[in-house]
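Colleague: Generate coordinates for the sequence data below:
(chains A and B)
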Amino acid sequence: SQQGEEDPQALSIQEGENATMNCSYKTSINNLQWYRQNSGRGLVHLILIRSNEREKHSGRLRVTLDTSKKSSSLLITASRAADTASYFCATDLVNDMRFGAGTRLTVKP
Amino acid sequence: NAGVTQTPKFQVLKTGQSMTLQCAQDMNHEYMSWYRQDPGMGLRLIHYSVGAGITDQGEVPNGYNVSRSTTEDFPLRLLSAAPSQTSVYFCASSPLAGNTGELFFGEGSRLTVL
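Modeller: All right, here's what the predicted structure looks like:
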């Protein structure tokens, strides 16, 4: 069964706007990661946040983690057309990384 | 470094045929894994390995075999292909087993079973 579930399933915004994607999971985790997948390509790692961290930044990305609510969010600021992709959260159950179904982000120029 | 290399990129099989998807990494990573990606399902873990000679089952192992004779290679074998195995398959690796860190993915192998 999927450990993480992203919300919304699809998101369409204009260039320059911010995009927020949410992830909920079911069990305790060691860390939570976010990945990006361009159409027809493999997944690329974006950011990892450990269970004892609450917020992490990387460039235009901001990730939060609330272990009490078993949820995480990914914020992409000042979005660009090149950010169009699917975004997945993944939770680490020790050697067993579980992925959600992803959020499909479309950024219109 | 080439990273994670998967072959073939595309394959069409008939029901009952067998085949092997190849995966190789040149980063000396301990951990390697195979996922399948189906529309609306995200990625599901098939098998993984924490080092040469060690493999274990993931979430959806039935119908697949793996072996890890070297650190670099982690082939996935379909024993008797079924239409339900039509999917995109991804191989991934990570530097350390255990508290798995960042996964490095190959570009995928698209398999169609008729």
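
Colleague: check contacts around the residue sitting nearest the centre point of chain B.
Modeller: Among the residues of chain B, the one closest to the centroid is B:Trp34, at 2.8 Å (CA atoms, centre = their mean). Contacts for B:Trp34 were tallied using CB atoms under 8 Å, 6 or more residues apart in numbering or on different chains; they are B:21, B:23, B:45-48, B:58, B:64, B:66, B:74, B:76, B:89-92. Backbone N, C-alpha and C define where each C-beta goes, glycine included.

Colleague: Just give me the closest of the residues you listed to A:Gly59.
Modeller: Nearest to A:Gly59 among the contacts of B:Trp34: B:Ala92, at 23.1 Å, using CB to CB.

Colleague: Tell me how many other residues crowd that closest one.
Modeller: 29 (other CB atoms under 10 Å in any protein chain shown).

Colleague: tell me the SS of it?
Modeller: In three-state terms, and counting by DSSP: H, G, I helix; E, B strand; the rest coil, B:Ala92 is strand.

Colleague: Averaged over its residues, which helix or strand of the chain has the lowest pLDDT?
Modeller: Picked chain A for this. The helix or strand of chain A with the lowest confidence, counting by mean pLDDT, DSSP states H and E, is strand A:4-7 at a mean of 82.

Colleague: Let me rephrase: I mean chain B.
Modeller: In chain B, no helix or strand scores lower on mean pLDDT, DSSP H and E than strand B:42-51, which sits at a mean of 93.

Colleague: mind checking how far the helix or strand just after that strand is from the chain centre?
Modeller: Using DSSP states H and E, the next helix or strand after strand B:42-51 towards the C-terminus is strand B:54-57. Remark: strand B:54-57 is offset 12 Å from the chain centroid, using CA atoms, centre = their mean, to the nearest Å.

Colleague: same question, stretch A:80-99
Modeller: 5 Å.

Colleague: Would you indicate which residues of it are buried?
Modeller: A:83-92, A:95-99 (16 or more other CB atoms under 10 Å in any protein chain shown).

Colleague: Confidence-wise, which of these comes last?
Modeller: Ranked by pLDDT, the buried residues of stretch A:80-99 bottom out at A:Asn95, which scores 73.

Colleague: so who does the nearest residue to B:Arg68 once chain neighbours are set aside touch?
Modeller: The shortest distance from B:Arg68 to any non-neighbouring residue, by CB to CB, 6 or more residues apart in numbering or on different chains, is to B:Ser49 (4.1 Å). Counting by CB under 8 Å, 6+ apart, B:Ser49 touches B:Tyr31, B:Met32, B:Ser33, B:Thr55, B:Asp56, B:Val66, B:Arg68, B:Phe74.
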